[in-house]
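Novice: Next one to model:
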Amino acid sequence: PFDEGHVTYVWFDALLNYMTAVGYGVDTDEARAELAYRWPAQFHIVGKDIIRFHCVIWPAMLMAIGEALPEHVFAHGFLTVRNAETGKAEKMSKSRGNAIAPQDVIDILGVEGYRYYFMTDVVPGTDGAISFDRMEQVYNADLANSWGNLISRSLNMSAKYFDGCAPAKPASADAFDNPLAKIADGLVERYMTKMDVLDYGGAKDEVMELIHAANHYIEDSEPWALAKDEAKADELAFVIYNLLEAIRIAAHLLMPLMPQTSAEALRRLSCEDEAASDDLKDICTWGLLAGGQPVEKGDPLFPRLA
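Specialist: Numbering: from 1, shown residues only. Coordinates of the predicted model:
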């Protein structure tokens, strides 16, 4: 106000939104509680072209008013397009006609598939070359053929062999070999090590190890053969229980990537109440599935793309 020739730079004004949006400057108990919960931010996730504003101007403003600084500023790269003919990454441009609109991707992959692809196949911190061919490849391999297939087969067998319910929890966890429980042991710690540094692809790989193992477990244990032998009833229940427990844990860990389908997987297991838990390590402890509850196969969560 003391200088008619000076104007406030827009980034100075805009940066305040980070704190005012979560209660700063509002004199109510509710706003103060919200601010205390949300601030300081663990990560400011910004584009690499605006590092200056978030690493110079914003910290200076916070220091000036005596407020805590964000713990990290994480700058992501730009999306480029993979040229189908040359294989090289090109800048997205309307004039070149190579721009990919988000809605076009959602029309093919759905919202959940869209989230999964961009969080796991585009590495944070670097430029990412995208293409429809690669999107479909990731979707079919990870979601349709692996995760979705595991859910459909396991819930179908559980409903078929146990009158629409999950089998009862096995009386002895040592009765048969359990490769899935071995992978689940320490899984949350390995997963969180990756998530804590925004390595979503690495965190996904930890979960997919359990999912891939569960699919192999189906082929190795052959539940359909066990179901034909009454003497193998306990082993059949053990196998199906393990598959459902692997799904339950994987659904919780995939929740940040695909919240809707993860919640739906838990609902089909009659475990929807678990989704409200904040303690990931406790809720992903092996063996918490009660057993005996209704299960529902439902429609495929991730229909394969032609």
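Novice: Point out where this protein drops to low pLDDT.
Specialist: 1, 172-174, 276-277 (pLDDT under 70).
Novice: what sits against the most centrally placed residue in it?
Specialist: The chain has Leu257 as the residue nearest its centroid, 2.2 Å off, counting by Cα atoms, centre = their mean. Residues in contact with Leu257 (Cβ atoms under 8 Å, 6 or more residues apart in numbering) are Arg115, Tyr116, Met119, Thr120, Tyr200, Lys204. For the C-beta atoms, the positions are set from N, CA and C on the backbone; glycine is no exception.
Novice: Report the next helix or strand after the helix or strand hosting the second one in sequence order.
Specialist: Meaning Tyr116. Element membership for Tyr116 (DSSP states H and E) is helix 102-120. The first helix or strand that comes after helix 102-120 along the chain, using DSSP H and E, is strand 128-130.
Novice: and that following strand, how far from the chain's centre?
Specialist: 20 Å (Cα atoms, centre = their mean, to the nearest Å).
Novice: Sheet partners, orientation included, of that strand?
Specialist: Strand 128-130 pairs in its sheet with strand 79-82 (parallel), by DSSP bridges.
Novice: Mind giving me the packing neighbours of whichever helix or strand comes after the strand it pairs with?
Specialist: Remark: after strand 79-82, the chain's next helix or strand is strand 89-91, criterion DSSP H and E. Using 3 or more Cβ pairs under 8 Å, 6 or more residues apart in numbering; DSSP states H and E, the elements in contact with strand 89-91 are strand 79-82.
Novice: Identify the residues contacting the strand it packs on?
Specialist: With Cβ under 8 Å, 6+ apart, strand 79-82 has contacts from 88-92, 98-100, 122, 127-131, 133-134.
Novice: Select only the buried ones of those residues in PyMOL?
Specialist: A single PyMOL command is used to select the members of the contacts of strand 79-82 judged buried by 16 or more other Cβ atoms under 10 Å:
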select buried, resi 89+98+122+128+129+130+131
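Novice: Go through the helix or strand harbouring Asp220 and flag the buried ones.
Specialist: Assigned by DSSP H and E, Asp220 belongs to helix 200-221. Neighbour-count burial for helix 200-221, counted by 16+ other Cβ under 10 Å, picks out 200, 202-204, 206-208, 210-215, 217-218, 221.
Novice: can I get the CA coordinates of it in PDB?
Specialist: Output in PDB follows, covering the C-alpha atoms of helix 200-221 (Å, rounded to 0.1, in the frame of the first residue of the first chain):
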ATOM      1  CA  TYR A 200       4.200 -45.900  -5.300                       C
ATOM      2  CA  GLY A 201       5.400 -48.300  -8.000                       C
ATOM      3  CA  GLY A 202       7.700 -50.000  -5.500                       C
ATOM      4  CA  ALA A 203       4.900 -50.300  -2.900                       C
ATOM      5  CA  LYS A 204       2.700 -51.800  -5.600                       C
ATOM      6  CA  ASP A 205       5.300 -54.400  -6.400                       C
ATOM      7  CA  GLU A 206       5.300 -55.500  -2.800                       C
ATOM      8  CA  VAL A 207       1.600 -56.100  -2.900                       C
ATOM      9  CA  MET A 208       1.700 -57.700  -6.300                       C
ATOM     10  CA  GLU A 209       4.200 -60.200  -5.000                       C
ATOM     11  CA  LEU A 210       1.400 -61.500  -2.700                       C
ATOM     12  CA  ILE A 211      -1.200 -61.400  -5.400                       C
ATOM     13  CA  HIS A 212       1.000 -63.300  -7.900                       C
ATOM     14  CA  ALA A 213       1.800 -65.800  -5.200                       C
ATOM     15  CA  ALA A 214      -1.900 -66.300  -4.500                       C
ATOM     16  CA  ASN A 215      -2.600 -67.000  -8.200                       C
ATOM     17  CA  HIS A 216       0.200 -69.500  -8.300                       C
ATOM     18  CA  TYR A 217      -1.100 -71.000  -5.000                       C
ATOM     19  CA  ILE A 218      -4.400 -71.700  -6.700                       C
ATOM     20  CA  GLU A 219      -2.700 -73.700  -9.500                       C
ATOM     21  CA  ASP A 220      -0.400 -75.500  -7.100                       C
ATOM     22  CA  SER A 221      -3.100 -76.500  -4.600                       C
END
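Novice: Let me know the next secondary structure element after that helix.
Specialist: Next along the chain from helix 200-221, counting by DSSP H and E, comes helix 223-226.
Novice: buried sites along that following helix?
Specialist: Pro223, Leu226.
Novice: on contacts alone, who are the packing partners of it?
Specialist: In terms of contacts (3+ Cβ pairs under 8 Å, 6+ apart), helix 223-226 is packed against helix 149-161, helix 233-253.
Novice: possible to save these as CSV with mean neighbour count and distance to Ala64?
Specialist: Listed next are the helices and strands packed on helix 223-226 as CSV, based on neighbours: other Cβ atoms under 10 Å; distance: least, Cβ to Cβ, whole Å:
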stretch, mean neighbour count, distance to Ala64
helix 149-161, 21, 52
helix 233-253, 23, 41
